[in-house]
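S.K.: Pasting the sequence and the predicted model now:
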Amino acid sequence: MAACEASCRDYQMEFDGCDINKELIFGDLKPGGQYGQTEENGDGWELSVFNENNILPIVNISSPFSTPKTWRYPLYRYYKDEYGNPFLIELDENNKPETLVENDHEVIDGKKYVRPHKLKRLDDFLRYWQDSWAEQLRFNHPEHIYYSYSQVLCHKRNVSVYNSVIQGNRDIQLNTYGYDSYLNQIESYALAKDAGLTAGLTTLQDKDPYFKLILSMQGAYDEQRRDQRNRIMTSAFTKYDGMSRNGIDIGMLQAAYITVTHNGLTDFTPVSNFSWSTVDALASDAIKNKIWITYRSFYIGLKHKIQHVFLSHYVHSLSAAGNRSFLNDCIGEGDGTVRNYLKVLSAYDVESSLVFATDRTYYCQGSALWKTRQKRFIPIDNLYDSQSDPQTVLDENQAEGSYNQYAETGKCPKAFDLEYTLDGIVNDEVSDQNGQKLALNGFDVVYRGQYVTRSIFEGVHGQDFEKHTITESNFFRKCKYRRTHSFD
């Protein structure tokens, strides 16, 4: 019974990007999909696999990439039945439905059969359509190179995961998506420690299938690309996102610690050789949990950036006719400008090992129809411009967020700031570092929270947020003084 429970109580890997990507790509190629218009001259007909004169891009490399992108050229040169055999359509006594080439049929046991892609008329082909045929058309999809690369990431490896029944680890097969799902289900520091995820600074990377995988996509470069991915992530454990202070580099774990326990109003001095032992020594479980969750978020976020950069680099390394890039930037929103995706990792040494050609145009330039389609592989910097100065991006996003907040609620941003600050004071479990709520007797506390916003601080304290540090309880004393004298 215990053995049965142990096999059933592993953390469930509920999210699998492999299945989602497959459904999106195949759905686009089915009749009625965004690349499956079946009505001649209907919306999107120029981009339909059912239009033999469509403008879908052709890759300048060997088959099957270089074949015309229509229903007449299925993968393997035939459509499959449910058993994986060539799908055959029986002809009647009048040799109907008609074949494209007269007498282009097969005879089996005295009966005549034709393969679907050899039918003369599209209407006949659609009459026999099977949804499973979309798989044989996947190389017609303009984002099929993204899909092919992402499917390689679906390869599974043994990963040691924590089992709550046996209170120990056991090996199961996971791909990179399943591993992310597993990490996201480890929601406390204690559980992460029990699972062995805090054994060292690089443990998450050491266990991750993505950083072990040789993708088998670029021949002699495959092993080199794996090593490059690993070097970027490894460097983040010693210097995360370019962070340093007083000549000391701040690694991913210390960055998570600082994010949780410090703020813009209290000074801090980073230490060299920061380790999990510092986190383990904290008295508050709530703070430990926040540090683990923040650290996990930093790791997964950077990993997704690395995945995106190497995926984009691979897609861009192939080319369509006329030396055009296969990047999907001008599908849907976008101005069609070739961007350097390496900028997403500008805080790390990437450009010395990866070359990103910027002398190409896009395959999707020249037709406004691409603007009406939707990307299936969304860029990691979809919500910000990685090509711009980071501070400019931050300022623009803050301004847009404040405007949207006011437009949707009718409350000015400072009103929200005040609510946020007051709620933080009431529920502060950080400033005394003992896991207790903040005691305001005499306001004699050292502020370590993260709820005093710039506007509230400057309004109460009357000093520049960025030039002043709170080392004692002066902010709270001023709050008390102003409250006492507000009606004088």
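M.R.: Done, it's in.
S.K.: Skipping adjacent residues, who's closest to residue 132 in space?
M.R.: Spatial nearest neighbour of residue 132, chain neighbours left out: residue 80 (6.8 Å); criterion: CB to CB, 6 or more residues apart in numbering. Glycine gets a C-beta too; all of them are placed from N, C-alpha and C.
S.K.: can you give me the helices for the stretch 201-350 of the chain?
M.R.: Ranges of helices within the stretch 201-350 of the chain are 203-207, 222-236, 252-261, 276-280, 285-317, based on DSSP state H, counting those that start in this stretch.
S.K.: Columns mean neighbour count and mean pLDDT on top of those helices, output as JSON lines?
M.R.: Output for the helices of the stretch 201-350 of the chain, formatted as JSON lines (neighbours: other CB atoms under 10 Å; pLDDT from 0 to 100):
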{"stretch": "helix 203-207", "mean neighbour count": "19", "mean pLDDT": "96"}
{"stretch": "helix 222-236", "mean neighbour count": "17", "mean pLDDT": "92"}
{"stretch": "helix 252-261", "mean neighbour count": "22", "mean pLDDT": "94"}
{"stretch": "helix 276-280", "mean neighbour count": "15", "mean pLDDT": "96"}
{"stretch": "helix 285-317", "mean neighbour count": "20", "mean pLDDT": "93"}
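S.K.: quick one on the thing from earlier: report how many residues lie close to the residue nearest to residue 132.
M.R.: By the criterion of other CB atoms under 10 Å, residue 80 has 17 neighbours.
S.K.: Check residue 74 too.
M.R.: Neighbours of residue 74 (other CB under 10 Å): 24.
S.K.: I'd guessed it sits against residue 137; true?
M.R.: Yes - contact status for residue 74 versus residue 137: in contact at 6.2 Å, counting by CB atoms under 8 Å.
S.K.: and the nearest residue to residue 361 once chain neighbours are set aside, what does it touch?
M.R.: Nearest residue to residue 361 in three dimensions, chain neighbours excluded: residue 324, at 5.3 Å (CB to CB, 6+ apart). Residues near residue 324 by CB atoms under 8 Å, 6 or more residues apart in numbering: 57, 360-363, 365.
S.K.: related to what we said a few turns ago, closest one to residue 128 among the helices of the stretch 201-350 of the chain?
M.R.: helix 285-317 (33.7 Å; CB to CB).
S.K.: what's the closest one packed up against?
M.R.: When contacts are defined as 3 or more CB pairs under 8 Å, 6 or more residues apart in numbering; DSSP states H and E, helix 285-317 sits against helix 144-152, helix 176-184, helix 189-194, helix 203-207, helix 222-236, helix 252-261, helix 276-280.
S.K.: Let's see that with 7 Å instead.
M.R.: Packing contacts for helix 285-317, counted by 3 or more CB pairs under 7 Å, 6 or more residues apart in numbering; DSSP states H and E, involve helix 144-152, helix 176-184, helix 189-194, helix 222-236, helix 252-261.
S.K.: Please give the centre-to-centre distance between that helix and its chain.
M.R.: What separates the centre of helix 285-317 from the centre of its chain is 8 Å, taken as CA atoms, centre = their mean, to the nearest Å.
S.K.: got the helices and strands packed on helix 285-317 as TSV, with distance to residue 120 columns?
M.R.: Output for the helices and strands packed on helix 285-317, formatted as TSV (distance: least, CB to CB, whole Å):
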stretch	distance to residue 120
helix 144-152	27
helix 176-184	43
helix 189-194	63
helix 222-236	44
helix 252-261	62
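S.K.: Which among those helices is found nearest to residue 311?
M.R.: Using CB to CB, the nearest of the helices and strands packed on helix 285-317 to residue 311 is helix 144-152, at 5.4 Å.
S.K.: What residues sit buried inside that closest one?
M.R.: 144-150 (16 or more other CB atoms under 10 Å).
S.K.: Identify, from those, the entry nearest to residue 179.
M.R.: residue 150 (14.9 Å).
S.K.: pLDDT score assigned to the closest residue to residue 167 other than its chain neighbours?
M.R.: Nearest in space to residue 167, with sequence neighbours left out and distances taken as CB to CB, 6+ apart, is residue 194 at 7.1 Å. pLDDT recorded at residue 194 is 94.
S.K.: Please shift the residue numbers so they start at 44 in all later answers.
M.R.: Fine by me, first position is 44 from now on; the one you just mentioned is residue 237.
S.K.: From residue 397, how far out is residue 237?
M.R.: 38 Å (CB to CB, to the nearest Å).
S.K.: Helix or strand with the lowest mean pLDDT in the protein?
M.R.: Across the helices and strands of the chain, mean pLDDT, DSSP states H and E gives its lowest value to helix 45-51, namely a mean of 43.
S.K.: Can you name the element that comes right after that helix?
M.R.: Going down the chain from helix 45-51, the next helix or strand is helix 60-72, by DSSP states H and E.
S.K.: what residue is smack in the middle of this structure?
M.R.: What sits nearest the mean C-alpha location of the chain, by CA atoms, centre = their mean, is residue 347, with 4.9 Å.
S.K.: ok, it - contacts?
M.R.: Neighbouring residues of residue 347 by CB atoms under 7 Å, 6 or more residues apart in numbering: residue 423.
S.K.: Please apply the same query to residue 391.
M.R.: Contacts of residue 391 (CB under 7 Å, 6+ apart): 275, 278.
S.K.: Try it again at 8 Å.
M.R.: Counting by CB under 8 Å, 6+ apart, residue 391 makes contact with 275, 278-279, 285.
S.K.: Let's have those residues in CSV, adding distance to residue 267.
M.R.: Output for these, formatted as CSV (distance: CB to CB, whole Å):
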residue, distance to residue 267
275, 13
278, 17
279, 20
285, 24
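S.K.: Nearest to residue 418, out of the residues you listed: which one, please.
M.R.: Nearest member of the contacts of residue 391 to residue 418, counting by CB to CB, is residue 275, at 24.6 Å.
S.K.: returning to that earlier point: for residue 128, which of the helices and strands packed on helix 328-360 is the nearest?
M.R.: Here helix 187-195 is closest among these (CB to CB), at 23.2 Å.
S.K.: For the closest one, which helices and strands make contact with it?
M.R.: Applying 3+ CB pairs under 8 Å, 6+ apart, we find helix 187-195 packed against helix 60-72, helix 328-360.
S.K.: Take those helices and lay them out in JSON lines including distance to residue 175.
M.R.: As requested, the helices and strands packed on helix 187-195 are exported to JSON lines (distance: least, CB to CB, whole Å):
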{"stretch": "helix 60-72", "distance to residue 175": "9"}
{"stretch": "helix 328-360", "distance to residue 175": "26"}
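S.K.: I'd like to know which of those helices is closest to residue 392.
M.R.: The closest of the helices and strands packed on helix 187-195 to residue 392 is helix 328-360. By CB to CB, the value is 12.5 Å.
S.K.: What distance do you get for residue 230 to residue 240?
M.R.: From residue 230 to residue 240 the distance is 12 Å (CB to CB).
S.K.: So which of those two has more stuff around it?
M.R.: The neighbour count for residue 230 versus residue 240, taken as other CB under 10 Å, is higher for residue 240 (24 against 13).
S.K.: Run through the residues that contact the more buried one.
M.R.: By CB under 8 Å, 6+ apart, the residues touching residue 240 are 226, 229, 246-247, 250.
S.K.: Of the residues you listed, which is the nearest to residue 318?
M.R.: Of all the contacts of residue 240, residue 318 sits closest to residue 246, with 11.7 Å by CB to CB.
S.K.: so the nearest residue to the closest one once chain neighbours are set aside, which of the three states?
M.R.: Spatially, and ignoring its direct neighbours in sequence, residue 246 is nearest to residue 240 (5.6 Å; CB to CB, 6+ apart). Here residue 240 takes the coil state, with states given by DSSP: H, G, I helix; E, B strand; the rest coil.
S.K.: That'll do, ta.
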